[in-house]
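K.L.:
my questions concern the predicted model and sequence given below.
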Amino acid sequence: MHQGNSAPIGLIADSHGKNGLLREAICMLRERGAHYLVHLGDICDSLAPDSLREAVALLQKHAVHAVKGNNEHTIIAENYEEDLTRVSPELMVYLRGLPASILRDDYCFTHSAPFAWPAASRRPISEYLPRILKDGRLPYRILFRGHSHRPSVMELDGVHVKKIPAKAGTILKLNTSRQYVITVGAVEERSAALFLPDDYELHFLSIGGT
C-alpha cells in the first residue's frame, strides 16, 4: 500500500452542486488508492447555494482538501449569509477559510491561477501563465487546476509550451524533466483524475465509467 506523500492523489473540480456525482468521484478515487484528495474549486453554484451544505459535509466526511473557486468567491463577496436560508454562518466560515491554492511537495493545486486575488479564479490560465512563469519555468513541477471544464495538459520545457490531448481514459506518462499545467475536468461533466507520484503518471477518469 502507498504511504504518505508517494500515495496516489485524487483530483476533482467544478462539481457545482452535483453532489451525487461528487460522492461517486470521491468513492471512485478512494477505491483506486487515492490517499490525498483535493477539490479544485467551484464546490457549488452561486446561483443555487442550497447544495452547499451537503457538498461541504461530503468533503469534510471524506477529508477532502479544497481551494476556493469563483463561485465560492461570489458567495463571500455578495454576503449570502445575510439570508440565512441560503448559506448559514457556519458554511460562510468554511468558505472564507478556503485557500486560493495548496502547495504539497513540489505540486500546486488551485482553481484557475495560483494567486490570492479573486480575478485569478475567474479568468483563463492563458492570461496568467506569463505572470506565473519565472525565466520560462513554473515555480513547481505541476500546477493542477480546475475552472476550465475540459481536461487538458500543457507541457513546459522552459522554452516551449506543448499541448497534449486529454480525455477520460487517457493515461499520460509524464516526463520528469518537464513541468506541467494540468486541468482535470469537471465533476459535473463526469470527469476526475488520479495522479501517481511514484510512477509520475496521470489517469483521466470518467465518473461512473471505467
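P.N.:
On my side now, so go ahead. Numbers count the residues shown, from 1 in each chain.
K.L.:
count of neighbours near Glu201?
P.N.:
14 (other CB atoms under 10 Å). Placement of C-beta: from N, CA and C, glycine included.
K.L.:
which stretches of the protein have low pLDDT?
P.N.:
1-5, 80-86, 210 (pLDDT under 70).
K.L.:
tell me, what residue is most central in it?
P.N.:
Leu40 (2.2 Å; CA atoms, centre = their mean).
K.L.:
got a list of what that residue touches?
P.N.:
Leu40 sits next to 11-14, 66-67, 69, 109-111, 144-147, 184 when contact means CB atoms under 8 Å, 6 or more residues apart in numbering.
K.L.:
Leu11: what's it in contact with?
P.N.:
Going by CB under 8 Å, 6+ apart, Leu11 touches Leu29, Leu37, Val38, Leu40, Phe109, Phe144, Val184, Ala192, Ala193, Leu194, Phe195.
K.L.:
turn the residues you listed into a markdown table, including distance to Arg23 and secondary structure.
P.N.:
Listed next are the contacts of Leu11 as a markdown table, based on distance: CB to CB, whole Å; DSSP: H, G, I helix; E, B strand; the rest coil:
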| residue | distance to Arg23 | secondary structure |
| --- | --- | --- |
| Leu29 | 11 | helix |
| Leu37 | 12 | strand |
| Val38 | 16 | strand |
| Leu40 | 17 | coil |
| Phe109 | 21 | strand |
| Phe144 | 21 | strand |
| Val184 | 17 | coil |
| Ala192 | 12 | strand |
| Ala193 | 17 | strand |
| Leu194 | 17 | strand |
| Phe195 | 21 | strand |
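K.L.:
nearest to Leu22 among the residues you listed?
P.N.:
For those, the residue nearest Leu22 by CB to CB is Ala192; the value is 9.7 Å.
K.L.:
just the helices in this protein please.
P.N.:
19-31, 52-61, 70-77, 89-97, 129-132 (DSSP state H).
K.L.:
so what's the residue count around Thr176?
P.N.:
Neighbours around Thr176, by other CB under 10 Å: 7.
K.L.:
can you pick the most crowded of the contacts of Leu40?
P.N.:
Ala13 leads the contacts of Leu40 on contacts (other CB under 10 Å) with 34 neighbours.
K.L.:
now do the phi/psi pair for that one.
P.N.:
phi -160, psi 160 (degrees, to the nearest 10).
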